[in-house]
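1. Quick one: sequence and predicted model below, then my questions.
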Amino acid sequence: MFYKDERLALFIDGSNLYAAAKSLGFDIDYKLLRAEFMRRGKLLRAFYYTALLENDDYSPIRPLVDWLHYNGFSMVTKPAKEYTDSMGRRKVKGNMDIELTVDALELAAHVDHIVLFSGDGDFRPLVAALQRKGVRVSVVSTIRSQPPMIADELRRQADNFIELDELKDVIGHPPREPREFEREDVSDED
């Protein structure tokens with residue numbers, strides 16, 4: 001539930017939201033996403049968190065990051081780390097949980113409602129801490145994917161769970177074949 005006069009902030013775990021939308025077969029239209037939550041309340045901030053491959057000549061998600069930055073999103077990025085796993089596969093790691101948590105706790109005194117776009121169970125203590133500060137927390141993710149993208153403990157802790165699949169017609173568009181430079185495929189594994 002949203003109230004028109006409440007001050008809102010969006011916290012988007014980029015890799016987690018990308019994976020959830022992809023599992024449901026659609027792409028997020030961030031202009032529509034921002035407009036939807038401006039309609040639901042007084043949107044103060046929309047944060048987007050992602051790690052970037054800085055050692056490449058051209059980071060795969062740089063066009064998205066630039067577009068979001070110029071269109072009203074506060075971008076929080078850091079360099080992703082590249083490593084080779086035990087099977088010899090190239091992997092990329094970029095966990096943004098601490099940055100998102102610190103920003104949400106700092107902003108808590110200035111908002112009434114935080115919308116967290118992530119299903120990562122590591123955020124359950126953050127949601128509980130925000131609630132103790134009097135902030136309502138909605139979590140956007142999906143239980144309709146196989147396996148579900150949201151951790152059960154996070155869904156239970158949130159004041160409100162918003163099924164991403166039910167937002168598909170409001171903030172989504174059909175997936176197009178991604179070009180190599182547009183993929184958000186940074187893992188946040190520790």
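-> Good, I have the coordinates.

2. C-alpha only now, for contacts and for neighbours.
-> Will do.

3. which stretches of this protein have low pLDDT?
-> 54-60, 176-190 (pLDDT under 70).

4. quick one: the strands in this structure?
-> According to DSSP state E, the chain carries its strands in the segments 7-13, 27-28, 42-52, 74-79, 81-84, 90-93, 113-117, 136-141, 160-163, 172-173.

5. Just send the ones you listed back as TSV, with distance to residue 36 and mean neighbour count too.
-> What follows is the strands of the chain, written out as TSV (distance: least, C-alpha to C-alpha, whole Å; neighbours: other C-alpha atoms under 10 Å):
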stretch	distance to residue 36	mean neighbour count
strand 7-13	11	23
strand 27-28	12	20
strand 42-52	10	21
strand 74-79	17	16
strand 81-84	34	14
strand 90-93	31	15
strand 113-117	12	24
strand 136-141	13	24
strand 160-163	13	18
strand 172-173	11	17
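
6. So which residues of this structure form helices?
-> Assigned by DSSP state H, the helices in the chain fall at 14-24, 30-40, 62-70, 97-107, 124-132, 152-157, 168-171.

7. by contact count, what packs against the fifth one?
-> Think helix 124-132. Applying 3 or more C-alpha pairs under 8 Å, 6 or more residues apart in numbering; DSSP states H and E, one finds that helix 124-132 contacts helix 97-107, strand 136-141, helix 152-157.

8. Equivalent analysis for the shortest one, please.
-> Taking 3+ C-alpha pairs under 8 Å, 6+ apart as contact, the helices and strands that helix 168-171 lies on are helix 30-40.
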